[in-house]
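[1] sequence unknown, structure follows:
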């Protein structure tokens, strides 16, 4: 089976992890700060806070922006459930903004219309979480402009988009947002096994996130409120979490960051090749976006009779997938009111979306196999 995505590990990566195993510190050593510096150096952001997962980073992002009970958080329905769950953890209400089916990203026009209605009803969001689907950046300048007009904060869910660019700005730079979040799951741009990071240019947000990722405990004597500044003392200042990344994961991350440009370049080459191979294939359309701007976490095509083609390709050894089931269709999130035409873009996209294999070690021969299986399925289904 050719999977839709997988990690790319080298001997350099294995040696990096082995060096930590032979060191004095498996956790809370030097590697997590080194990984955070590498993320800042790459993106140009002022601060990075490495954590145990992108879900943890999203949760912390909501907390440090003050999301709580009675607040509203808006996000895209074309995402993994964590993009919505992070707000629910804080007691907030989640609402979804329709996407542009041509890109898979949050529609700025839909966001604007929804904000107008919400302002009239005094139901404006506290935070909006756009998702950079498949590695292509949302229109962050447009979203940031709406944020200034309507008074909401912005968290970029950039889990798919490490290495992507927005114009001449690296995703994660936070020029257009308060916080950006990355994922280091094995199928993403780089991996730490599991892991995530919160990026920001606001030092106070980074400080609060660091506090909350480790039980709300401070070991810095200058922050102590009650205890004497003895070497063994620490104080709990908030109800935090055990969201720390360990040094084994961070060492792998540092090594993978050295290869990131190579990974992204290969993904872009493969995406360009898919586009060339499928450009004139009847019944197939591809997401819009600049090949040289996206990090290409996913390569999604739109095909008729998607469900049947999915099964046929899986049967032929091609690990296609579907990204994503609209979050509002999940039983936990099902809206009380009928969906109607509120999410026409999402429904149109989801009805035909098919994710093809894409990862740095995918060979051109394997890619040809994927394309041949797809074209054969299209012909067999009469499309």
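    Sure, I can see it. A quick note: this is a predicted structure, and the numbers were derived from the prediction, not measured.
[2] after the helix or strand hosting residue 87, which helix or strand is next? Please name it.
    Element membership of residue 87 [criterion: DSSP states H and E] is helix 82-89. Using DSSP H and E, the next helix or strand after helix 82-89 towards the C-terminus is strand 93-96.
[3] what's in contact with the next helix or strand after that next one?
    Next in sequence after strand 93-96, counting helices and strands by DSSP H and E, comes helix 108-120. The contact list for helix 108-120 (C-beta atoms under 8 Å, 6 or more residues apart in numbering) reads 72, 74, 95, 97-100, 124-125, 128, 138-139, 142-143, 146, 149-150, 345. All C-beta spots, glycine's among them, are computed from the backbone N, C-alpha and C.
[4] not counting sequence-adjacent ones, nearest residue to the residue nearest the centre of the chain?
    Residue closest to the average C-alpha location in the chain (C-alpha atoms, centre = their mean): residue 159, at 1.6 Å. Closest residue to residue 159 apart from its sequence neighbours, by C-beta to C-beta, 6 or more residues apart in numbering: residue 183 at 3.6 Å.
[5] surely the one you found touches residue 53?
    Yes. With contact defined as C-beta atoms under 8 Å, residue 183 counts as touching residue 53 (7.4 Å).
[6] how far does the helix or strand bottoming out on mean pLDDT in the chain sit from the chain's center?
    In the chain, no helix or strand scores lower on mean pLDDT, DSSP states H and E than strand 217-218, which sits at a mean of 82. Relative to its parent chain, strand 217-218 has a centroid offset of 28 Å by C-alpha atoms, centre = their mean, to the nearest Å.
[7] stretch 190-210 too?
    13 Å.
[8] stretch 322-340 too?
    Distance, centroid of stretch 322-340 to centroid of chain: 19 Å (C-alpha atoms, centre = their mean).
[9] report how many residues lie close to residue 296.
    A count of neighbours around residue 296, defined by other C-beta atoms under 10 Å, yields 28.
[10] now residue 73: how far from residue 198?
    Using C-beta to C-beta, to the nearest Å, residue 73 is found at 16 Å from residue 198.
[11] next one: residue 180
    8 Å.
[12] quick one: residue 152 and residue 128 touch, right?
    Yes. With contact defined as C-beta under 8 Å, residue 152 and residue 128 form a contacting pair (5.2 Å).
[13] give the residues shared as contacts by these two.
    74, 146.
[14] more neighbours, those two?
    Per other C-beta under 10 Å, whichever of residue 152 and residue 128 has more neighbours is residue 128, with 28 against 22.
[15] just checking, what packs against the longest helix belonging to the chain?
    Using DSSP state H, we find that the single longest helix of the chain is helix 260-278. Judged by 3 or more C-beta pairs under 8 Å, 6 or more residues apart in numbering; DSSP states H and E, the packing partners of helix 260-278 are strand 285-286, strand 299-302, helix 364-380.
[16] contacts for the longest one next, please.
    Spelled out, it's helix 364-380. By C-beta under 8 Å, 6+ apart, helix 364-380 touches 2, 270, 273-274, 277-278, 281-284, 301, 303, 308-309, 312-313, 316-318, 356-357.
[17] may I see the buried residues of whichever strand or helix holds residue 18?
    Applying DSSP H and E as the criterion places residue 18 in helix 11-21. Neighbour-count burial for helix 11-21 flags 13, 16-17, 20 (criterion: 16 or more other C-beta atoms under 10 Å).
[18] please apply the same query to stretch 148-160.
    In stretch 148-160, counting by 16+ other C-beta under 10 Å, buried: 150, 152-160.
[19] also stretch 344-356?
    Quick answer for stretch 344-356 (16+ other C-beta under 10 Å): 345-347, 349-350, 352-356.
[20] same check, this time on stretch 45-60
    Neighbour-count burial for stretch 45-60 [16+ other C-beta under 10 Å]: 45, 47-60.
[21] ditto for stretch 259-268
    259-260, 263-264, 266-268.
[22] could you dump those to JSON lines with pLDDT and distance to residue 245?
    What follows is those, written out as JSON lines (pLDDT from 0 to 100; distance: C-beta to C-beta, whole Å):
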{"residue": "259", "pLDDT": "98", "distance to residue 245": "19"}
{"residue": "260", "pLDDT": "98", "distance to residue 245": "17"}
{"residue": "263", "pLDDT": "98", "distance to residue 245": "20"}
{"residue": "264", "pLDDT": "98", "distance to residue 245": "22"}
{"residue": "266", "pLDDT": "98", "distance to residue 245": "26"}
{"residue": "267", "pLDDT": "98", "distance to residue 245": "24"}
{"residue": "268", "pLDDT": "97", "distance to residue 245": "28"}
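[23] tell me where the protein has strands.
    47-51, 72-75, 93-96, 127-129, 153-157, 165-166, 169-170, 179-183, 196-200, 217-218, 235-236, 285-286, 299-302, 353-356 (DSSP state E).
[24] avg pLDDT for the fifth one?
    Across strand 153-157, pLDDT averages out at 98.
[25] per-residue pLDDT, residue 221?
    On the pLDDT scale, residue 221 gets 66.
[26] again, but for residue 291
    Note on residue 291: pLDDT of 86.
[27] excluding chain neighbours, what is closest to it?
    residue 272 (5.0 Å).
[28] ok, now residue 177?
    Residue 177's closest residue in space is residue 154 (C-beta to C-beta, 6+ apart), at 4.1 Å.
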